[in-house]
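Peer 1: Fold the stuff below for me.
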Amino acid sequence: RARLVVVEPDALVVRVADRYGERDLEYRSPEPVWAAPPPTLDFAAIALAQLAAARGEDLWLDGRVSRAQLERLDEYLQIWSVWRPDLFRRIRIAAADEVDAVAHGARGGAAMAFSGGVDASFALAAHATGMLGRLTRSIDLGVLVVGWDLRHGDRVALERAWAAARESLGAYGARCAVVSTNWKQEFCADWFMSFTAGLAAVLHTFAGICSAAVHATDRSYRSELGMGPYGCHTMINPLLGTPHFPLISTGGTHDRLERVAFLAAHRTLLERLRVCYQDGAAGGNCGRCEKCIRTQLELRACGLPTQPQFPPGLQPADVEAVTTDLEGALRALEEAYERLPPDDVYREALGRAVRRERLRMARQRGEAIARVADLEAALASAQAEREAMRVSMSWRFTAPLRALRSRIRLGVPAGAGRAPELGGEKTARRG
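Peer 2: The predicted structure follows:
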């Protein structure tokens, strides 16, 4: 059960009651960013749907929710219950006031989550240049989220990232809002399956002042064809919006290297890229984690500078030591290797790294496949044994009955010791 308990220009708080007690889902800002409150609790429904489905509990919202969003969330959870039945179940989501028409005042253009990364920067530039045809929106607001890659309480990192985001967004006529939320820490069922819903919920809080949400995807349409269940997918993203407040996914037409190359014409964004999520990055880029190294190599592959976005001093040994457990990241490293000039100082080291990581990943995959095969064989054997016991006179299950039958046939009084088994019974008859 969820209800809105705080509505202020700088704070929205939803109180959530479940079998574990009461907790608050918070959205707060250091500035008065909610000049008009969200017209519905659609944002809360989106934020809590997967958590409720993971627990197998129905979700009740004590307030106004659009019927369109409820219908879309029903399909959203249907898909997840098929994609990941081990994580999510179908549940019922309902509200005290389910409405068809959503009343609102004058609204501006779109809101988008803006971290300063490659995907968000590409999406901002793509809409600004009108390259998306009828999907193009005027981006009025970029939202920098605290509580994900930016940690709660790290004021130094926030100030640095906020300053860069303001400059990037301002160059394209958009303002920047900071929203701090505890959604990931307390209400996220599974990060990799749910992160787009978490972002969509943040953007829906601005449905009173903005007319749409823009979501920067991290995969291309091509790569989605061979992708397993994942929190950002063309099939499910639109279900996190409505005709009143659509969620427009941006980026599927370009793969990662194509997005990086596109930013060559957008130097303000290029020079302020922030891709790092390491604790020591202080709101910038550490320059040495896998994602920082990969992005630097992608920039070099596209003939673009890596400074001032990244600290200097990257060594071939740093590149050779890079490791990842993510197939998408490894594929991106392989693509960067293919695009780097033959004489690039990092190319040989990167080649050794991707070959090593590909072999390691293949070995892990082979071990996992073998383990799954063993478990499936053990399960099949156990199921066959159980079925055989169910339909047959199992020696184990019927031993007491056979012993009793032997006693009765031989006239052995109770307590006289163990009766002979069936073989003994036949011997006694012969005797």
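Peer 1: Can you identify each of the strands in the stretch 1-150 of the chain by residue range?
Peer 2: 2-8, 11-18, 21-28, 59-66, 93-99, 108-113, 139-146 (DSSP state E, counting those that start in this stretch).
Peer 1: Any buried residues in the fourth one, and which?
Peer 2: The neighbour-count criterion (16 or more other CB atoms under 10 Å) identifies Leu59, Leu61, Asp62, Arg64, Val65, Ser66 as the buried residues of strand 59-66. Yep, even glycine has a C-beta here, placed from its N, CA and C like the rest.
Peer 1: quick revisit: rebuild the strands of the stretch 1-150 of the chain as CSV, extending it with distance to Arg409 and mean pLDDT.
Peer 2: Rendered in CSV, the data for the strands of the stretch 1-150 of the chain read as follows (distance: least, CB to CB, whole Å; pLDDT from 0 to 100):
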stretch, distance to Arg409, mean pLDDT
strand 2-8, 69, 97
strand 11-18, 61, 97
strand 21-28, 64, 97
strand 59-66, 64, 97
strand 93-99, 65, 97
strand 108-113, 80, 96
strand 139-146, 79, 98
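Peer 1: Distance of the closest residue to Gly280 other than its chain neighbours relative to Gly198?
Peer 2: Distance criterion CB to CB, 6 or more residues apart in numbering; nearest residue to Gly280, sequence neighbours excluded, is Cys286 at 5.7 Å. Summarising the geometry, the distance separating Cys286 from Gly198, computed by CB to CB, to the nearest Å, is 24 Å.
Peer 1: Looking at these two, which is more packed in?
Peer 2: More neighbours surround Gly198 than the other of Cys286 and Gly198, with 23 against 18 (other CB atoms under 10 Å).
Peer 1: Could you export the strands of the stretch 1-150 of the chain as TSV, including distance to Ser220?
Peer 2: Below are the strands of the stretch 1-150 of the chain laid out as TSV (distance: least, CB to CB, whole Å):
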stretch	distance to Ser220
strand 2-8	36
strand 11-18	34
strand 21-28	31
strand 59-66	31
strand 93-99	32
strand 108-113	19
strand 139-146	21
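Peer 1: closest to Thr129 out of those strands?
Peer 2: Nearest to Thr129 among the strands of the stretch 1-150 of the chain is strand 139-146; the distance by CB to CB comes to 11.5 Å.
Peer 1: Please tell me how far the closest one is from the chain's geometric centre.
Peer 2: How far strand 139-146 lies from its chain's middle: 19 Å, per CA atoms, centre = their mean, to the nearest Å.
Peer 1: ok, residues contacting it?
Peer 2: With contacts defined as CB atoms under 8 Å, 6 or more residues apart in numbering, strand 139-146 is touched by 108-115, 120, 124, 127-128, 150, 152, 158, 161-162, 165, 168-169, 172-181, 199, 202-203, 206, 209-210, 214.
Peer 1: mind listing which of the residues you listed are in helices?
Peer 2: Helix and strand membership here follows DSSP state H; of those, those in helices are 120, 124, 127-128, 158, 161-162, 165, 168-169, 199, 202-203.
Peer 1: Just give the nearest non-adjacent residue to Asp18, would you?
Peer 2: Counting by CB to CB, 6+ apart, the nearest residue to Asp18 once its immediate chain neighbours are dropped is Glu57, at 6.6 Å.
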